[in-house]
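K.L.:
sequence first, then the predicted structure, then my questions.
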Amino acid sequence: MQRSAAYLRKTWGEQIAGNLGMGLAFGLISLATIAAGVVLLVAAAATESAALIIVVAACLLLALVGIALVSSALSGVYAAAVYRYAAEGETGGFFTPAMVRSAFRAK
């Protein structure tokens, strides 16, 4: 537990920067999805078909849930890669050492 706390103190800035970057990317994706969903909802409302409005709303909700799940999973993978690099100097094969190394800046 103490070792994990030490790694967290050592890499907190990198974690914040990485999570902010991913948050920004997924925020923009979510915003674009919502914008497209609103356009589709307005078009569905223009048809006055309750079934079509419900289908479009459900698809929009599923898309947003999917985006949130992918975002959460990638944040976890990133956190694990940075932790593993801080602890062992390895990346685990999914990231190149240069990618993870660039997350660390001299303080």
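P.N.:
It's in.

K.L.:
CA atoms for contacts and neighbours, from now on please.
P.N.:
Will do.

K.L.:
tell me where the model's unsure across the chain.
P.N.:
1-15, 89, 91-107 (pLDDT under 70).

K.L.:
which residue ranges of it form helices?
P.N.:
In the chain, the segments counted as helices under DSSP state H are 2-46, 50-88, 97-101.

K.L.:
for residue 48, what are phi and psi?
P.N.:
Here is the backbone geometry of residue 48 (degrees, to the nearest 10): phi 60, psi 30.

K.L.:
count the neighbours of it for me.
P.N.:
11 (other CA atoms under 10 Å).

K.L.:
what's the answer for residue 78, then?
P.N.:
19.

K.L.:
which residue sits closest to it in space, ignoring its chain neighbours?
P.N.:
Closest residue in space to residue 78, ignoring its immediate chain neighbours: residue 18 at 7.6 Å, by CA to CA, 6 or more residues apart in numbering.

K.L.:
what's around residue 44, how many residues?
P.N.:
When neighbours are counted by other CA under 10 Å, residue 44 comes out with 19.

K.L.:
is it in contact with residue 51, as I believe?
P.N.:
No - using CA atoms under 8 Å, residue 44 is not in contact with residue 51, being 9.0 Å away.
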